[in-house]
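*Asks:* prediction below, plus the sequence it came from.
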Amino acid sequence: MQRSLKKYFPLFVLPTSAAFLIAFLAPFFIGLYLSFTKFTTITNAEWVGLQNYQRALDPNDGFLGSFWFTILVVVASVITVNLFAFTIAKLLTQKLRGTNIFRTIYFMPNLIGGIVLGYTWQSMINAVLANYGTTLVADWKYGYIGLIILVNWQQVGYMMVIYIAGLQNVPTELNEAAAIDGAGRWQTLRNVTIPMIMPTITICLFLTLSSSFKMFDQNLALTDGAPMDRTQMVALNIVKTMFSQIGRQGVGQAKAVLFVIVVVAIALIQLRATRSREVEA
Amino acid sequence: MKNMKRTIALAAAATLAVGSLAACGNDEGSGDGEGSVYFLNWKPESEETYGEIAEKYTEETGVEVKVVTAASGTYEQTLQAEMTKSDAPTLFQINGPVGLVSWQNYAADLTETDFAKDLSDPGLALKGEDGKVYGVPLAVEGFGIIYNDAIMRDYFAMDGAKAASMDEINNFAKLKEVTDDMQARKADLGLDGVFASTSLATGEAWRWQTHLFNTPLYYEYEADGITDAEELKFSFNEEFKNIFDLYLTNSTVEQTLAPSKTVTDSMAEFATGKAAMVQNGNWAWSQISEVEGNSVAEEDIKFLPIYVGHEGEEKIGINVGTEAFMAVNKEASEADQQATIDFINWLFTDEDGMKYVTEDLGFIAPFKAFGDNTPSDPLAKEINRYITNDDLTAVPWVFTTMPSSKFKDDFAQLLAQYASGNLEWDAVVSGVVDNWATEKAAVGGN
């Protein structure tokens, strides 16, 4: 059995590896190559060396600025999304009437696309700000806060579902034991519940981290970078370089490669963190 | 024997796998010598009409015409992707001289084609640095200040009106005097404001950063005797500010709220009679006529040239030109290129084709063959009136020389900040001048 498995191994993995090669590896390496060239379409590329990377990292370009803004968004949204999601999950795992309806309601915004949400929130926020004679694009802080609200609206429901699953796995005996030992609610939460759902917390943290890091459509629809590109996140910056500037496709590609490096780094840390937690739990 | 079986099984499996992959590829290629047309359309609103045209053409000539429409605002992306395929578009759009820089390698020389020679004004063609024709416009469009004549008549009939008829408004000073007075009496006229809201929401500012900017840009090129510039001086920024301030102040909304308004908002205000004037082009007709509660009569919709306070502007007409040029893919096979050229000739010279162009597509086609054939909508008629008026000089569309859409986006954001009261005008001017230089340099590869 072992022997024949080994023998037919190449045949069995052929479809998958072919698909992987065509849909992932080939585009990846073509993309890497293009980041060192000047091109309009991928068939007329011309080698220019590291020039694209130099131009991408030029402080006047706005790419580095978009990184800073992205980090601001990521920090705020990771904290708020998880805090709200955990609180709601905790409330909805109490024995209350109608928790299932509430779970459904909270989950629903997650099913709406980012573009639709972005435009909807844009008009809502503008309608509120109109009372004060101003608009979403008047100050970058409005766009920033708007983006955080939007992300919360969209992601809290999804994270809540994961937290609920985690909370339901906490054995009731532990809670009872803690109560018998005279622990208050707060102490139970801190010393029993949270340690028990640590794997869940790790997963949720990284899910929010990576999704808000790569955020694009919400950003595009809500502010499109206004005012003066100060609410522009990395993904949006890359797309704009690629498609709304002429002769800078290579620079856009170089930015995309840099972005991939950062995202991969985050993913590796995430993988390591989740693995080590699994061992502990 | 056992080995034999295995080999066959392996080969069969491999064939299956390869076959299923190959099926994803292109299997409709045109191997015959006849050639076929693949048109990558850039006007989503005309998708159906082009489908009909393609069917009709195939029926008449037997030549296959494939029409693919890029989603709104994604033409450049779609084109970049489609061009790399073996079955690439044979007919595509170039966006003016700047677009030609990026697509030069794909644009065939059209100088000797019948439709290029048939242009009513040879100056409309898109020429490369070598003087050859690489792009031909398929429609001319025009924009200016659209006004509601019924409201204007009401105003002129009022006591102490600052003018007696539209003919008196032929410069900025008069336009300002009249609209200021109208704004003061807006309640009596039943208006929210003279000008429909200055839409500055993101992606909605093209009427200002592209169209309104065209007029001062034209004056600058005229003054310097050039047709394009690596560095912009924005010499006539005061003129731009004149008219832009007028739009903002004599408007239906507070100027700080303008950055939340969209083009649809302002067209609706005009169509429902809440505003008397709106700057837009002939394509806006459908937006005006289809608005619910539309109160503007078809015969009351007229164009006024954009006056900015420039010397001698009494002789200026509306802005007429085009930014979309048809180009034929040089990389396509000879037969396909010829088929494409034949198709364009048919569309713009054959009676059936021409009927589609004026009636269904609603284009004002810039070819001699069309004569006086114009679409029947009021704004297209107005454009014809201005083009045929020899006393007025039409302002050509020089904004096609603007370096990139990034430049336009940044310009829009500067204007939005100016309207919000966060930026002084000087900062807007220096921002525009700097961005122009940076983006023009990028086009040149730096």
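*Replies:* It's in.

*Asks:* quick one: mean pLDDT for stretch B:300-317?
*Replies:* Mean per-residue pLDDT for stretch B:300-317: 89.

*Asks:* the strand or helix carrying A:I145 near chain B at all?
*Replies:* Using DSSP states H and E, A:I145 maps to helix A:140-168. No. Helix A:140-168 stays clear of chain B (C-beta under 8 Å from any C-beta of the partner chain), getting no nearer than 10.1 Å. (Each C-beta comes from the backbone N, C-alpha and C, glycine too.)

*Asks:* what packs against that helix?
*Replies:* Applying 3 or more C-beta pairs under 8 Å, 6 or more residues apart in numbering or on different chains; DSSP states H and E, one finds that helix A:140-168 contacts helix A:63-92, helix A:99-107, helix A:114-130, helix A:198-213, helix A:217-222.

*Asks:* tell me how far the second one lies from the chain's centre.
*Replies:* For helix A:99-107, the separation from the chain centroid amounts to 23 Å (computed by C-alpha atoms, centre = their mean, to the nearest Å).

*Asks:* between helix A:63-92 and the helix holding A:I145, find me the angle.
*Replies:* If you take axes from the mean of the first three to the mean of the last three C-alpha atoms, to 10 degrees, helix A:140-168 sits at 40 degrees to helix A:63-92.

*Asks:* sort out which residues of helix A:140-168 are buried, please.
*Replies:* Burial within helix A:140-168, assessed by neighbour count using 16 or more other C-beta atoms under 10 Å in any protein chain shown, is assigned to A:140, A:142-144, A:146-164, A:166-167.

*Asks:* same question for stretch B:366-375.
*Replies:* Quick answer for stretch B:366-375 (16+ other C-beta under 10 Å): B:P366, B:F367, B:A369, B:F370, B:T374, B:P375.

*Asks:* least confident pick among those?
*Replies:* Within the buried residues of stretch B:366-375, lowest confidence goes to B:T374 (74).

*Asks:* contacting residues around B:V357?
*Replies:* B:L138, B:L347, B:F348, B:F363, B:A365, B:F370 (C-beta atoms under 8 Å, 6 or more residues apart in numbering or on different chains).

*Asks:* and if you look at B:K315?
*Replies:* With C-beta under 8 Å, 6+ apart, B:K315 has these contacts: B:D391, B:L392, B:T393.

*Asks:* who in the stretch 151-281 of chain A is up against chain B?
*Replies:* A:223-229, A:240, A:243-249.

*Asks:* how is chain B carved up into domains?
*Replies:* B:37-140+B:322-371, B:142-319+B:399-443 (automatic domain parsing).

*Asks:* looking at the ones you listed, which is nearest to A:G98?
*Replies:* domain B:142-319+B:399-443 (37.7 Å; C-beta to C-beta).

*Asks:* run the chain-centre distance for that closest one.
*Replies:* 16 Å.

*Asks:* where in chain A is pLDDT low?
*Replies:* A:1, A:274, A:276-281 (pLDDT under 70).

*Asks:* domain assignment for it?
*Replies:* Taken from automatic domain parsing, chain A resolves into A:2-49, A:52-280.

*Asks:* need the winner for burial among the ones you listed.
*Replies:* domain A:52-280 (a mean of 17; mean count of other C-beta atoms under 10 Å in any protein chain shown).

*Asks:* chain center to that one: distance?
*Replies:* Worked out by C-alpha atoms, centre = their mean, domain A:52-280 lies 6 Å from the chain centre.

*Asks:* contact residues of the stretch 101-250 of chain B facing chain A?
*Replies:* B:V101, B:S102, B:W103, B:N105, B:L200, B:A201, B:T202, B:G203.

*Asks:* can you redo those as TSV with pLDDT and neighbour count?
*Replies:* Putting those into TSV (pLDDT from 0 to 100; neighbours: other C-beta atoms under 10 Å in any protein chain shown) gives the following:
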residue	pLDDT	neighbour count
B:V101	82	18
B:S102	81	20
B:W103	87	24
B:N105	85	12
B:L200	89	29
B:A201	86	24
B:T202	82	23
B:G203	80	15
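
*Asks:* good, we can wrap up now.
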